[in-house]
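S.K.: Prediction below, plus the sequence it came from.
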Amino acid sequence: MDTISRHLDEDASATLERLDQSLVDLSKNIDVFYSLFCGAAIFMMQCGFAMLCAGSVRQKNVKNIMLKNLLDACGGALGYYAVGFGVAYEGGTFLGTSGGRFFLIDYDNYIDFFFQFTFAATAATIVAGTVAERCKMVAYLCYSLMLTGFVYPVVVHAIWNSAGFLSAFNESPFRGVGMIDFAGSGVVHMTGGATALIAAIVLGPRIGRFYDEDGNPLDKPGEFAPHSVSLQVLGTFILWFGWYGFNPGSTLFISVPGYGDVAALAAVTTTLAAAAGAVSSMFFDTLLGFLSEGEAEYDLTMAMNGCLGGLVGITAGCSTVEPWAAIIIGLIAGVVYVLASNLLVKLKIDDAVDAIPVHFFNGMWGCIATGLFASRRFVTMTYGETYSPGLFYGDGNLLLCEICGILFIIAWVTVIMGPFFIALNALGMFRVDPIEEKVGLDISHHKGAAYDLTGPAEGDVAELAEKRATAHGKSGFEDSA
Amino acid sequence: MDTISRHLDEDASATLERLDQSLVDLSKNIDVFYSLFCGAAIFMMQCGFAMLCAGSVRQKNVKNIMLKNLLDACGGALGYYAVGFGVAYEGGTFLGTSGGRFFLIDYDNYIDFFFQFTFAATAATIVAGTVAERCKMVAYLCYSLMLTGFVYPVVVHAIWNSAGFLSAFNESPFRGVGMIDFAGSGVVHMTGGATALIAAIVLGPRIGRFYDEDGNPLDKPGEFAPHSVSLQVLGTFILWFGWYGFNPGSTLFISVPGYGDVAALAAVTTTLAAAAGAVSSMFFDTLLGFLSEGEAEYDLTMAMNGCLGGLVGITAGCSTVEPWAAIIIGLIAGVVYVLASNLLVKLKIDDAVDAIPVHFFNGMWGCIATGLFASRRFVTMTYGETYSPGLFYGDGNLLLCEICGILFIIAWVTVIMGPFFIALNALGMFRVDPIEEKVGLDISHHKGAAYDLTGPAEGDVAELAEKRATAHGKSGFEDSA
Amino acid sequence: MDTISRHLDEDASATLERLDQSLVDLSKNIDVFYSLFCGAAIFMMQCGFAMLCAGSVRQKNVKNIMLKNLLDACGGALGYYAVGFGVAYEGGTFLGTSGGRFFLIDYDNYIDFFFQFTFAATAATIVAGTVAERCKMVAYLCYSLMLTGFVYPVVVHAIWNSAGFLSAFNESPFRGVGMIDFAGSGVVHMTGGATALIAAIVLGPRIGRFYDEDGNPLDKPGEFAPHSVSLQVLGTFILWFGWYGFNPGSTLFISVPGYGDVAALAAVTTTLAAAAGAVSSMFFDTLLGFLSEGEAEYDLTMAMNGCLGGLVGITAGCSTVEPWAAIIIGLIAGVVYVLASNLLVKLKIDDAVDAIPVHFFNGMWGCIATGLFASRRFVTMTYGETYSPGLFYGDGNLLLCEICGILFIIAWVTVIMGPFFIALNALGMFRVDPIEEKVGLDISHHKGAAYDLTGPAEGDVAELAEKRATAHGKSGFEDSA
């Protein structure tokens, strides 16, 4: 009996060990799969930004903006591979300085790099739209590499690296809490948005937007109609889709018990905030228009950008706020967008695609909203028992951390990018020649216009019609020409 | 010896328990991941519908239709969150009346809400295209909220809620079988399509489609060419992509043993039916054209809509029919589309994007096809041993259930939406003013046209050419202007 | 004590068995999910190709090319279901001849078929762009079915089927190694690209490209501007996205220990090669242009196609080369693209979308690069200990196998498709009538142009303005008309 029992035990032991190892292996692979899916979805946001920006600019600058969008994804990949990833995630007080992540030289968690790269590329591409139609290609590439290689990674290091001084993952986090910025309202969107704001100020408005060619202020801002609203809507939907990788994917792992709940909550709050943002932005704008003009018009651009504002606004708190709070956050985000957009016009800051109101202002709002609405149960679920909820749940520490994070991002980006853009500008490397701007960058730098919608020669169509008529006694396609 | 043995046992017991729990946790998280992926893919169908509809309408209504597409996704999210989800899935005879799903107030399976929302939004957006170019925005928003909040959820309750009187998941299902509508040929597509049909009848055709401005019938229907076939094709491909979330995703879980087989079958039948639908629809139309006109033309619109018809047609039975049957279902779906499209023209019912033939008629066909082709082995695999296969496998009960389901959906939608649309119309809230319709809704309600393809001023181009010629002794870009 | 111990053992045994089975079941389902995601992403490449090709052609052939893109996906599904899948993966020396895969008659691993179909469809659609603007629809459909049903499957059989004579999975592989072509630089892209090359040679260039209407050679090649660069960029991004299914998905399974590492490596190398390809191609072209014209221009088309070239180039070796090697492979791929594109122009071979440089030449480069750069540790990780690394790691056998594979693909495609296209051409079934070509295929065969951007009648706009002015004392929308 004993022998049999022992025999069973030994078998069982081996089987147990094998099962245990199998489960570990399987979990690891599932996490790779999860980050692959989420990363691919986030990568599609590059496509979304490209379509949104291209649709927003005038026909004469379409190729230019799309080339910038494509190249910042590419430059972002190379720059983040070489330097950025190490700066962001290696150990170090203010930035990662040593270790295997640089050039992936001694780091084998490749999927982690892939996933993190998609975030860096997102931060970089936010700026493209704002400076569209007047920024030099070389300046754009320089700034873009600098952002993905250095500026953005330092922000990541501060807030997401456990060695970071603002990080919620720090062993002894700031104010016992640290900054909660789950998917990057601050880290990604404010960093990109703040860069865009500084760039827009230094670069100045497009000719004819607030000033005429000779620099005289216009009575009324010139409106530059987007060349294709279809592309804008396409971009918006693709971005929304990508956000389902961006927010839920920020759990980084899906095999860890409880992480499914976090990802699910993020999917729901993301959806509700986007929906609320679109609705509030459009109707708020309709209301403003009705009050001033007496006519109720529904502005698609407002709905789109409000939707994106809602998405940016929920990004920090997507895993810590209640669904009802996500709706409130989205509703306010829509209003924040409209007000910020009007404010920029008042300040004569020219943002060709309104990326600053969407990413910078709603990025700020997202951080603040987290400090207000983060609920006790979800903070516990996502970060653990020792963390504090938002102000509306009776604790002000988190809000304080969020505000510090906001100030840090603004300060850091300003200190680095401000002088950089000013120097570029002083060297005449930032802005294209006025005549090139008027002609548009596609013809002046990219071998011609983005579209050629010319149809066939009328003579040819007539000849074909004739030929068919002879053959069949009728033509049958003439109408369609 | 005994002591050792006991010791091993105790260890083993604890390890076993831990492993068991780990497996449960992991399975749950994988299911979240699965629904996240499928839901995100289905959400992209909103983009697909927007592009398809936008491409199909005239240039003067592009912004209007896209705004409707965006807002019904947003309104759908909010309405389904507040009311629809509860009505659909809470207990109750005819509709869910109480419980935690309303406002997600006491329901923590968030991913379930996310996934189900994407279906509700799909049902809502189907109607947008049909009533395009003439329906008022406010009317659209009202109907859209009503559909996602109430009409569609009641159909879900009847057919997918285990408390539903037609549900295959009912403890004692109708005729011992219940209605098999795996991913919603009936629940989603017929509900949307029937609403579109009623709306189109009440709203009447666009000016110049069957009648001239003064209401005199035209000799020949006016053809309104789609403004961009590229957008239509883009939309079609995105919809097809989304269907890989829609159909396989309707297993709801992927961790359950055997569900992988169901999802895999659904992916294959979906592919084959779509392919067969495109081919049959296009060649059937080519044949009809050749017989009447003597000229063989290949109509891309037919191929696209036939493809979508095949997708709708396989949606009910995707997990219960053999691959060869999927091809037959698709082939017939293509013909159903062409015939239904012609029928609508005969009846002078104006559907701006042919959504009624695709969703309503092929939704019906999908339900009937399931009643005919559901195979014994796959019904058993997907639903269990006690369920009956289709008529071609010797049992008529399933077909009977499908027909009852079809009749129920038509009756329910008609009873609710008929009076609703008639009332809207009587109040003058349904249709825009004729002059607005002629001008197009973009200019009359949305601040201007969707496109501005104006290039640079010729003088500026000449000036730049001159300048470069001076600088380099040649210009090098003049051709491309 | 003994009794208790035995009791525990029995329980434990049962539980162990159940857990073991659960893990097997779960793993299987996760693999289905993985292939579903990757297959869906690859399917989106159909959309990417359609947009890229449509954008690249002239406005008068947009519907034609998109119809071809849609129909080859559909034909591919049906042809691969009926014949191709069996030919590719059943046993047999040169091609699969018997067994259950034909018509899926006796094969129940449905997800495997779905995933493999997406590869076949990719191979088929590569040709569409090259022969655009002049190839007859019927010829295209014939060739397309032949490719997915027979030509491509034979290549698959040789290289990916363990029975194949070049396969790395063969029990005694060629030169002890076999050809490593992980995701198909050779199998998919060269096969499609070689077919495109032969087709382009037989079909001849478009009128006005290298010769005028009467066949006299032109002094300078006619440049046909793409009708929409926006669609091209959209297509490029979608293709890049799809590649995250194509390359990582080629592990086929994700549940197998270690396969997560392979998929992760593939995601990273894919990203880096795409980025490097875009950058090198654009700057290399800029450099060439600067040397010959003295003007630095940035060509978006170069960046896009270089990016795609990098993706094709990394496809064979994505799971066996180091990240730094992926960058080198991408950099060279960009240069290969530019040189091959120029070479085709020199040889007066007309490729409407430059698919031959991207897919054929970089497909070859991808195979060679694998023979050079495959690293010992990653070959071992992906294929096992007995396999050899590339030449730069001291072993020439792999490179030899790659070259044999390249020669085999070229020979096989030439032998079959050469006579086929020549016969089609001789029968007058390959190329459209010159007048049809000049008018464009959309009007001559597809019922009219792809776009109708006509706005509203000016009179109607004026009438509405008048009406509103009367109503409100102002119009408020006149500007936007």
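M.R.: Received the coordinates, thanks.
S.K.: give the contact list for A:Glu463.
M.R.: By C-beta atoms under 8 Å, 6 or more residues apart in numbering or on different chains, the residues touching A:Glu463 are C:Ile435, C:Val439. For glycine as for every other residue, the C-beta is placed from the backbone atoms N, C-alpha and C.
S.K.: correction: A:Ala276
M.R.: The neighbourhood of A:Ala276, defined by C-beta under 8 Å, 6+ apart, consists of A:Gly310, A:Ala326, A:Ile327, A:Ile328, A:Ile329, A:Gly330, A:Leu331, A:Ala333, A:Gly334, B:Cys74, B:Leu78.
S.K.: can you check A:Ala82 too?
M.R.: Residues counted as contacts of A:Ala82 (C-beta under 8 Å, 6+ apart) are A:Phe102, A:Phe103, A:Gly149.
S.K.: any chance you could map the helices in the stretch 1-150 of chain A?
M.R.: Counting by DSSP state H, counting those that start in this stretch, the stretch 1-150 of chain A forms helices over residues A:2-56, A:62-79, A:85-89, A:110-130, A:137-146, given from the N-terminal end onward.
S.K.: what do you get for the stretch 301-450 of chain A?
M.R.: Per DSSP H, counting those that start in this stretch, the stretch 301-450 of chain A has helices spanning A:323-346, A:355, A:362-373, A:376-383, A:397-426, A:434-439, A:441-445. These are given in chain order.
S.K.: Can you redo those as a markdown table, where the extra columns are mean pLDDT?
M.R.: A markdown table is the format used below for the helices of the stretch 301-450 of chain A (pLDDT from 0 to 100):
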| stretch | mean pLDDT |
| --- | --- |
| helix A:323-346 | 98 |
| helix A:355 | 97 |
| helix A:362-373 | 98 |
| helix A:376-383 | 95 |
| helix A:397-426 | 97 |
| helix A:434-439 | 94 |
| helix A:441-445 | 92 |
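S.K.: Between those helices, which one is closest to A:Thr130.
M.R.: Between A:Thr130 and the helices of the stretch 301-450 of chain A, the tightest spacing by C-beta to C-beta is seen for helix A:355, at 4.7 Å.
S.K.: And the closest one, how far out from the chain middle?
M.R.: Using C-alpha atoms, centre = their mean, to the nearest Å, the mean C-alpha position of helix A:355 is found 10 Å from that of the whole chain.
S.K.: tell me what it is packed against?
M.R.: Counting contacts by 3 or more C-beta pairs under 8 Å, 6 or more residues apart in numbering or on different chains; DSSP states H and E, the secondary-structure elements packed against helix A:355 are helix A:110-130, helix A:191-203.
S.K.: which stretch among those helices comes nearest chain B?
M.R.: helix A:110-130 (14.4 Å; C-beta to the nearest C-beta).
S.K.: For the closest one, output the C-alpha coordinates as PDB.
M.R.: Included here for helix A:110-130 are C-alpha records, laid out as PDB according to Å, rounded to 0.1, in the frame of the first residue of the first chain:
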ATOM      1  CA  TYR A 110      10.800  42.200 -27.100                       C
ATOM      2  CA  ILE A 111       7.000  42.500 -26.900                       C
ATOM      3  CA  ASP A 112       7.400  45.100 -24.100                       C
ATOM      4  CA  PHE A 113       9.500  47.200 -26.500                       C
ATOM      5  CA  PHE A 114       7.000  46.800 -29.300                       C
ATOM      6  CA  PHE A 115       4.100  47.900 -27.100                       C
ATOM      7  CA  GLN A 116       6.000  50.800 -25.600                       C
ATOM      8  CA  PHE A 117       7.100  52.000 -29.000                       C
ATOM      9  CA  THR A 118       3.500  52.400 -30.100                       C
ATOM     10  CA  PHE A 119       3.000  54.900 -27.200                       C
ATOM     11  CA  ALA A 120       6.200  56.900 -28.100                       C
ATOM     12  CA  ALA A 121       5.100  57.100 -31.700                       C
ATOM     13  CA  THR A 122       1.700  58.400 -30.600                       C
ATOM     14  CA  ALA A 123       3.200  61.100 -28.600                       C
ATOM     15  CA  ALA A 124       5.400  62.100 -31.500                       C
ATOM     16  CA  THR A 125       2.700  62.300 -34.100                       C
ATOM     17  CA  ILE A 126       0.400  64.600 -32.100                       C
ATOM     18  CA  VAL A 127       2.500  67.600 -33.000                       C
ATOM     19  CA  ALA A 128       2.400  67.000 -36.800                       C
ATOM     20  CA  GLY A 129      -1.100  68.400 -37.200                       C
ATOM     21  CA  THR A 130      -0.600  71.600 -35.200                       C
END
